[in-house]
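Novice: please work out how this folds:
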Amino acid sequence: MKQNLKSNGDPPLQAEELRDFVIDKIEDIKARDIQVLDVHDKTDVADFMVICSGSSKTHVKSIAEYLATEAKHAGFPPIGIEGGEQSEWVLVDLGDVVLHVMQETIRDFYQLEKLWGQ
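Specialist: So this is what the prediction gives:
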């Protein structure tokens with residue numbers, strides 16, 4: 001569940017720490033073109049969306065699975081994982097942070113960065 005905002009409207013520190021954890025882990029497995037979108041003032045679903053690319057379906061799936069495993073080991077298992085079967089776009093929901101791992105062609109088509117106003 002999404003946490004309350006600080007009194008100044010910024011995302012809670014825990015969300016920022018989780019965002020940094022996600023970035024660190026996906027960098028470990030060579031995710032490409034990592035973009036972080038602060039969406040706390042645009043949606044109640046999450047504070048941050050992290051978008052990255054994988055070089056193939058196998059790479060996309062590996063990035064998502066690695067993050068899910070590492071998050072579980074760190075004590076915050078994903079709320080959900082979607083898209084692993086096709087592995088063109090895999091979403092890992094960690095609550096305050098949602099990771100979108102996409103193949104380049106899918107990312108170019110959906111343009112989430114533009115959609116969320118970044």
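Novice: contacting residues around the residue nearest to the spatial centre of the chain?
Specialist: In the chain, the centroid-proximal residue (CA atoms, centre = their mean) is residue 99; its distance is 1.4 Å. Listed by CB atoms under 8 Å, 6 or more residues apart in numbering, the contact partners of residue 99 are 22, 26, 49, 50, 51, 52, 64, 67, 91, 92. Every residue, glycine included, has its C-beta placed from N, CA and C.
Novice: quick one: which of those sit in helices?
Specialist: 22, 26, 64, 67 (DSSP state H).
Novice: of those residues, just say which sits nearest to residue 82.
Specialist: Using CB to CB, the shortest approach to residue 82 within these belongs to residue 64, at 9.4 Å.
Novice: any idea how far the nearest residue to residue 32 once chain neighbours are set aside lies from residue 79?
Specialist: Residue nearest to residue 32 in three dimensions, not counting chain neighbours: residue 53, with 4.5 Å by CB to CB, 6 or more residues apart in numbering. Per CB to CB, to the nearest Å, residue 53 is found 23 Å from residue 79.
Novice: neighbour-wise, which of these two wins?
Specialist: residue 53 (21 against 11; other CB atoms under 10 Å).
Novice: state the pLDDT value of residue 85.
Specialist: Residue 85 is assigned a predicted lDDT (pLDDT) of 84.
Novice: SS state for it?
Specialist: Three-state call for residue 85 (DSSP: H, G, I helix; E, B strand; the rest coil): coil.
Novice: for residue 60, which non-adjacent residue is spatially closest?
Specialist: The shortest distance from residue 60 to any non-neighbouring residue, by CB to CB, 6+ apart, is to residue 54 (3.6 Å).
Novice: and the one you found, what does it touch?
Specialist: Residue 54 sits in contact with 31, 32, 60, 61, 62, 63, 101, 102, 103, where contact means CB under 8 Å, 6+ apart.
Novice: nearest residue to the fifth one other than its sequence neighbours?
Specialist: Nearest in space to residue 62, with sequence neighbours left out and distances taken as CB to CB, 6+ apart, is residue 29 at 6.2 Å.
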